[in-house]
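S.K.: Build me a model:
(one chain, ligands or ions: 1)
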Amino acid sequence: MKRALISTYYKNNIEKLVSVLIENRYEIISTGNTAKYLESQGFEVVKVEDVTEFPEILNGRVKTLHPKIHGGILARDIEEDRKTLKQLNIKKIDFVYVNLYPFEEKLKENLDIKELIEYIDIGGPTLIRAAAKSFENTIILTDPEDMDLIIKNIEDLNYEIRRYLAAKAFNLTAHYDSIISSYFNNLLKIEFPKYITLPLKKKSELRYGENPHQKAVYYENTTEEGFFSNFEQLNGKELSYNNFKDIDVAWKIVNEFEEKVCCAIKHQTPCGVASGRDNLEAFKRVYECDPISIFGGIVAFNHKVTAETAKEMKKIFLEVIIAPEFEEEAVNILKKKKNLRILKVKEKPHQKFEYVSVDGGVLVQERDTKLFKSLKIVTEEPIAEYLMEDMIFAFKVVKHAKSNAIVVSKEKMAKGIGSGQPNRIWAAIDALDRAKDGVVLASDAFFPFNDVVKKAGEYKIKAIIQPGGSIRDEDSIKVAKELGISMVFTNMRHFKH
Ligand SMILES: NC(=O)c1ncn([C@@H]2O[C@H](COP(=O)(O)O)[C@@H](O)[C@H]2O)c1NC=O
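M.R.: Have a look, this model is predicted:
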């Protein structure tokens, strides 16, 4: 007779599996409460305690951690092991099904460490890892989704199936431990641990990656809150790979501002950002900033979308609209476009670190959550308040544009955004030329030469905001003074590659 060890935290849905095992002449061995549950369902069960001849102790901390169990799982199908089992009166275990203590769920309940550690399953992962190592001899089931595979193939659980289930088992225990590890790292504020074991779980299969010939999947961090883990999609197709990336940028931009702001994103860079007295005005000014690039773009708001703005937006082709709130009528209007994705996003960005892959590794850095170190006027003082506000607005926008980036703005509306250029002067020419009548200019990094200031003079720019810090700062300051342009240093660079 074969033997199956069943030890599960959640007992539901095990009856069918147990019935099939019994029909196929397996003896069922179970831990305390699983055994009780199965008995209550009318199954005949042998208690682990009767196998080990040792009670479960320390409030369940030790139940299956015993040579009579692990010897039965880990023994190989070789003479030497058979002899050992016989000598020590250990019976082989052919099948193991475990589901683990719900550490992840309990983590979300904010228990204190004393209570929480009791949800770190020790015996369960040990059973799983032992059976997975011994997959040729012991079948290991961990994922309820694989139950049908077992049931269908119960008479011939071949090598491929066993090995596949072992791979799933090690994948699960690695994930389980990654959750525990990240809990301790967070608790101890260990920001850059020796090993990164992010608890990431497959959330959605994406239609494709950046291009149709690239496969892609979205993995969600199951222990950290983020706006992607908590949004409501009110309409439209499922999100694409590029949507995810653009939404991420769009939402971070609008959350940079206190005032009512709208922004449009194309290919991860803003093509329009503007404030408005109301929702409609903010959108209209974004559209005005670049009526060409917004086509097929992502539009985000940091405030409620009204029906009248929805009517305007409906006139153009957009991929995604994101906002914390929508008027009911606005949703009805936008829903007429059945593919348009409408996202009600509840969370503010709170991701602390960013991860970027390079061939063979991952770069980890803190997210850029700051704006400036100090605001130092380096030309004649004072600077009119409206110019100062406009400069800070433009600096917030340029922070999120791809480097090299220059933003030219007027009355809190980005009129020209030059971004992603390999040198600063091209970005400046782009921004100034598009803006035509901009008033302030913001740069994401310092000016290595005075050429940007000279160009700004040609376009009648009144004030420039930039980090400063170049060895030729004095050249730029001198030209600014000659042209009557005010200049402010922020002492903080915002490259975005
Ligand atoms: N301590 C042990 O030896 C041990 N062996 C199995 N478990 C876990 O105990 C749970 C089942 O226990 P019960 O059948 O008593 O409800 C399962 O989630 C299983 O993963 C154990 N518990 C924790 O480590």
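
S.K.: per-domain residue ranges of this protein.
M.R.: 2-187, 231-345, 376-489 (automatic domain parsing).

S.K.: can I get these in a markdown table with mean neighbour count, distance to residue 198 and mean pLDDT?
M.R.: Quick note: C-beta positions are derived from backbone N, CA and C, even for glycine. Shown next, in a markdown table, are the domains of the chain (neighbours: other Cβ atoms under 10 Å; distance: least, Cβ to Cβ, whole Å; pLDDT from 0 to 100):
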| stretch | mean neighbour count | distance to residue 198 | mean pLDDT |
| --- | --- | --- | --- |
| domain 2-187 | 17 | 6 | 96 |
| domain 231-345 | 20 | 17 | 97 |
| domain 376-489 | 21 | 25 | 96 |
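
S.K.: In TSV: these, plus distance to residue 208.
M.R.: Output for the domains of the chain, formatted as TSV (distance: least, Cβ to Cβ, whole Å):
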stretch	distance to residue 208
domain 2-187	24
domain 231-345	7
domain 376-489	23
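
S.K.: do you know which of those lies nearest the ligand?
M.R.: Nearest to the ligand among those is domain 2-187 (2.0 Å), distances taken as Cβ to the nearest ligand atom.

S.K.: Determine how far that closest one lies from the middle of the whole chain.
M.R.: Remark: domain 2-187 is offset 31 Å from the chain centroid, using Cα atoms, centre = their mean, to the nearest Å.

S.K.: Would it be right to say that residue 12 lies in a helix?
M.R.: No. According to DSSP: H, G, I helix; E, B strand; the rest coil, residue 12 belongs to no helix; its state is coil.

S.K.: residues contacting it?
M.R.: Contacts here follow Cβ atoms under 8 Å, 6 or more residues apart in numbering; on that basis residue 12 touches nothing.

S.K.: So it versus residue 226, what's the distance?
M.R.: Here the distance between residue 12 and residue 226 works out to 30 Å (Cβ to Cβ, to the nearest Å).

S.K.: Which one of the domains of the chain lies nearest to residue 353?
M.R.: Of all the domains of the chain, domain 2-187 sits nearest to residue 353, with 11.2 Å by Cβ to Cβ.

S.K.: For the residue of the stretch 201-350 of the chain found nearest the ligand, which residues are in contact?
M.R.: Residue nearest to the ligand within the stretch 201-350 of the chain: residue 222 (18.2 Å; Cβ to the nearest ligand atom). Contact analysis of residue 222 by Cβ under 8 Å, 6+ apart lists 104, 179, 199-201.

S.K.: Format those residues as TSV; extra columns: secondary structure and distance to the ligand.
M.R.: Formatted as TSV, the entries for the contacts of residue 222 read as follows, by DSSP: H, G, I helix; E, B strand; the rest coil; distance: Cβ to the nearest ligand atom, whole Å:
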residue	secondary structure	distance to the ligand
104	helix	13
179	helix	15
199	coil	18
200	strand	22
201	strand	19
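
S.K.: Which single one of those is nearest to residue 418?
M.R.: Taking those together and measuring to residue 418 by Cβ to Cβ, the closest member is residue 200, at 35.9 Å.

S.K.: Tell me how many other residues surround the closest one.
M.R.: Burial of residue 200, expressed as a neighbour count using other Cβ atoms under 10 Å, amounts to 15.

S.K.: repeat for the one 10 residues further on
M.R.: Other residues near residue 210 number 11, with proximity taken as other Cβ under 10 Å.

S.K.: ok, it touching residue 241?
M.R.: Yes. Contact status for residue 210 versus residue 241: in contact at 5.9 Å, counting by Cβ atoms under 8 Å.

S.K.: overlap in contacts of these two?
M.R.: Between them, residue 210 and residue 241 share the neighbouring residues residue 216, with contact defined by Cβ under 8 Å, 6+ apart.

S.K.: Could you pick out the residues of the stretch 101-250 of the chain near the ligand for me?
M.R.: Where the stretch 101-250 of the chain comes near the ligand, counting by Cβ under 6 Å from any ligand atom, the residues are 101, 121-124.

S.K.: how about a markdown table for these, with secondary structure added?
M.R.: Formatted as a markdown table, these follow (three-state DSSP):
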| residue | secondary structure |
| --- | --- |
| 101 | coil |
| 121 | coil |
| 122 | coil |
| 123 | helix |
| 124 | helix |
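
S.K.: In CSV: those, plus distance to residue 458.
M.R.: Supplementary listing: those in CSV, determined by distance: Cβ to Cβ, whole Å:
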residue, distance to residue 458
101, 69
121, 69
122, 71
123, 75
124, 71
